[in-house]
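>>> Test case, fold it:
(one chain, ligands or ions: 1)
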Amino acid sequence: MAFDLKQLIREHQGRELDLLRETMNPRFAKVLSTIGFDPVYVRGQGAHLWDKDGNDYLDMLSGYGVFNVGRNHPKVKDAIRQYLEVDSPNLIKMGTQLLAGVLAERLLKIAPRGLDTVFFCNSGAEAIEGAMKFARAYTGRTRMIFCQHGFHGLSMGALSVNGLDEFRHGFGPLMPWTRIPFGDAKALEAELKRGDVAAFVVEPIQGHGVFIAPDGYLQEAKALCQKHGAVLIADEVQTGFGRTGKMFASEHWGLEPDIMTISKALSGGYCPTGAILFRRPIYEKVFSSLDRCIVHSSTFSQNDLAAVCGLATLAVLEEERIVEHAAETGQYLLEQLQGLVGRYELLKEVRGKGLVIAIEFGPPRSMSLRAGWTMIHKLNQDLFCQAILVPLMMDHKILAQVAAHGMDVIKLIPPLVLTRADCDRFLASFEAVLEAAHKFPGPLWEVGSRIAKNAVLS
Ligand SMILES: Cc1ncc(COP(=O)(O)O)c(C=O)c1O
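Got it, this is the predicted structure:
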């Protein structure tokens, strides 16, 4: 019998939450159902999703930042169809792969200067793992330096350079590491001077909390690493491919990293992929002889499907001027949101670059609102933002997320094809929710108590 995907979907649609509960992650299922983030989605396109009743959702999360060219971009889809038609000689392993080679060549053309070699892998964490191995081999040292709030993935090596304790807890001991404040070149120098640092791992713009490198910091960090014999790894897994209004965020400050990690948006959101871009002298130390020529490898490295998706995604980014569009649209959204700050006392700051934007809330001045703020934070540090996100989803069909645990920050990372109309929909919806938040007691604050009662965030 022929495999019928449409029939399979028809038969099982509506079972999503039960399947999650029964076979994968019952606690996550409970969180989703409690906060109403469990519509039965049936289609995605661009910056939008649709549920079984035809409701249109605005996606301000883009699968944690993989849909830079938009969901199901027709040109990437078509490239995959073409690929399936050519019965490609994929994954020869003891042989060469044309499409991965062409993609490597294209990536090196757009990458920061000095990067001349590519290793393909399957995820952001895997790219970080490899980058840290390469730094160890190159320097002969072991210690890693990373920043508070830094996030580089959740495998053991990547976890060792994770700046968020909630992820680290319960999994130690980790690799030798030291955490320093983001933006503090003096703290970095003090660590580098000890002479045992293999690498400084840093996101040019931190995804968790959306903290932006101060001007001059990254270049100084690079010079310090160079001076003290360490490697600078720029993690562009989330910031790459136009997210911040440049192809890579390093470009904002002219940073030329020794190693750069990329992943997420590279395949247009279609398949797992990632890469490490690095300098030839590092290559020489890692793959140091003919018998060590595959000393670092991965079964699905250089696979054709990921390469096709990557090539098509790069073509779309260029042809549709998506990076420039992200810069312009991001600036519009940022300015409009910043304009709300003085008008709503719960709003503390809006910051961002391109289409990664943080909306930060803070303690209000007025007595009644302050009572609500204190109460909700006593219940749980993450509740306030959830109380904003729930009506955004339930009443306005907008999907977004908190920026990190324990911060009063909502993060926007929409597909970069977001239109002005999408921005205006978000702005009107957000302002309506913000208005409601400024009425205490009121329904929005009750949402917080309801979530707390269900104890889903404890
Ligand atoms: C900056 C950064 N590095 C690494 C990773 C890990 O990527 P993955 O989830 O593909 O392992 C992430 C994921 O969010 C990330 O944001």
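>>> use CA for all of it now, contacts and neighbours both
Will do.
>>> Going by neighbour count, list what's buried in the lowest-mean-pLDDT helix or strand in the chain.
Confidence across the helices and strands of the chain bottoms out at helix 443-453, with a mean of 82, counting by mean pLDDT, DSSP states H and E. Using 16 or more other C-alpha atoms under 10 Å as the test for burial, helix 443-453 gives 444-445, 447-449, 451-452.
>>> do stretch 378-394 as well
In stretch 378-394, counting by 16+ other C-alpha under 10 Å, buried: 379-393.
>>> Stretch 151-167 now?
Per 16+ other C-alpha under 10 Å, stretch 151-167 contains these buried residues: 151-154, 156-164.
>>> so which of those residues would you say is closest to residue 180?
For the buried residues of stretch 151-167, the minimum distance to residue 180 (C-alpha to C-alpha) is 8.9 Å, reached by residue 163.
>>> Correct me if wrong: that closest one contacts residue 153.
No: in this structure residue 163 lies outside contact range of residue 153 using C-alpha atoms under 8 Å: 10.5 Å.
>>> just to revisit the earlier point, okay, the buried residues of helix 443-453 in JSON lines with distance to residue 16 next?
Shown next, in JSON lines, are the buried residues of helix 443-453 (distance: C-alpha to C-alpha, whole Å):
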{"residue": "444", "distance to residue 16": "28"}
{"residue": "445", "distance to residue 16": "29"}
{"residue": "447", "distance to residue 16": "24"}
{"residue": "448", "distance to residue 16": "25"}
{"residue": "449", "distance to residue 16": "27"}
{"residue": "451", "distance to residue 16": "22"}
{"residue": "452", "distance to residue 16": "24"}
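>>> So which of these is the closest to residue 15?
residue 451 (23.4 Å).
>>> wait, isn't that closest one in contact with residue 35?
Yes: Residue 451 is within contact range of residue 35, at 7.0 Å (criterion: C-alpha under 8 Å).
>>> Any chance you could list what contacts the least confident helix or strand of the chain?
Residues outside helix 443-453 that contact it (C-alpha atoms under 8 Å, 6 or more residues apart in numbering): 34-35, 372, 376, 379-380, 383-384, 386-388, 390-391, 436-437, 457.
>>> how does it look with 10 Å?
31, 34-35, 369, 372-373, 375-377, 379-380, 382-388, 390-391, 433-440, 455-458 (C-alpha atoms under 10 Å, 6 or more residues apart in numbering).
>>> which residues in the stretch 201-350 of the chain form strands?
Using DSSP state E, counting those that start in this stretch, the strands of the stretch 201-350 of the chain run over 205-206, 211-212, 231-235, 259-262, 274-278, 347-353.
>>> quick one: which of those is nearest residue 61?
strand 347-353 (14.8 Å).
>>> Against the ligand, which of the buried residues of stretch 151-167 make the cut? List them.
151-153 (C-alpha under 6 Å from any ligand atom).
>>> Would you mind giving those residues as TSV with pLDDT and secondary structure added?
Shown next, in TSV, are these (pLDDT from 0 to 100; DSSP: H, G, I helix; E, B strand; the rest coil):
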residue	pLDDT	secondary structure
151	98	coil
152	98	coil
153	98	coil
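>>> and residue 81, how many residues sit next to it?
11 (other C-alpha atoms under 10 Å).
>>> ditto for residue 1
Using other C-alpha under 10 Å, residue 1 is surrounded by 3 other residues.
>>> Quick check: phi and psi on the residue nearest to the spatial centre of the chain?
Geometric centre of the chain, nearest residue: residue 238, 3.8 Å, by C-alpha atoms, centre = their mean. For residue 238, the backbone dihedrals (degrees, to the nearest 10) come out as phi -100, psi -30.
>>> Test my guess that it contacts residue 150.
No: applying C-alpha atoms under 10 Å, one finds residue 238 not in contact with residue 150, separated by 11.8 Å.
>>> Quick check: neighbours shared by the two?
With C-alpha under 10 Å, 6+ apart as the test, residue 238 and residue 150 both reach 203, 205-207.
>>> would TSV of these with pLDDT be doable?
Formatted as TSV, those follow (pLDDT from 0 to 100):
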residue	pLDDT
203	98
205	98
206	98
207	97
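>>> Can I get these in TSV including distance to the ligand and neighbour count?
Shown next, in TSV, are the shared contacts of residue 238 and residue 150 (distance: C-alpha to the nearest ligand atom, whole Å; neighbours: other C-alpha atoms under 10 Å):
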residue	distance to the ligand	neighbour count
203	6	28
205	9	24
206	7	23
207	6	26
